[in-house]
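A.B. asks: Requesting a structural model of the entry that follows:
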Amino acid sequence: MKPGLVVFFENFKHIRAVTVTKGIKPMPIQEGEYQGNPNPHAWMSAQNALIYIENIWAALVKYDPKMQIFITKMRKSIC
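C.D. replies: Numbering: from 1, shown residues only. The predicted model follows:
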């Protein structure tokens, strides 16, 4: 029997994966046991959140160009 997470991801083999962290500057955890390690919640930085939005927008437009006008309007409403 395969582990649950392996089975879960096998169901999505046909879906494109996109890296949306390009340009994200990791923020260090400020205190506690993991102090100094990168904080995985990079979107907590407004600047990083904007980078995520741009990266997600670019990926959506690339893989679904027919939706570019709608996707661009949504991006502009956020930024």
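A.B. asks: Kindly provide the distance from residue 19 to residue 55.
C.D. replies: Distance, residue 19 to residue 55, using C-beta to C-beta, to the nearest Å: 8 Å. C-beta here means a position set from N, CA and C on the backbone, and glycine is covered the same way.
A.B. asks: residue ranges for the helices of the protein, please.
C.D. replies: Along the chain, counting by DSSP state H, helices occupy 4-10, 46-63, 68-78.
A.B. asks: Just say which of the ones you listed is most tucked in.
C.D. replies: helix 46-63 (a mean of 15; mean count of other C-beta atoms under 10 Å).
A.B. asks: which intervals of the protein have sub-threshold pLDDT?
C.D. replies: Along the chain, the model assigns pLDDT under 70 to residues 1.
A.B. asks: Taking the centroid of this protein, which residue is nearest it?
C.D. replies: Nearest to the geometric centre of the chain sits residue 20, at 4.2 Å (C-alpha atoms, centre = their mean).
A.B. asks: residue contacts, it?
C.D. replies: 52, 55, 56, 59 (C-beta atoms under 8 Å, 6 or more residues apart in numbering).
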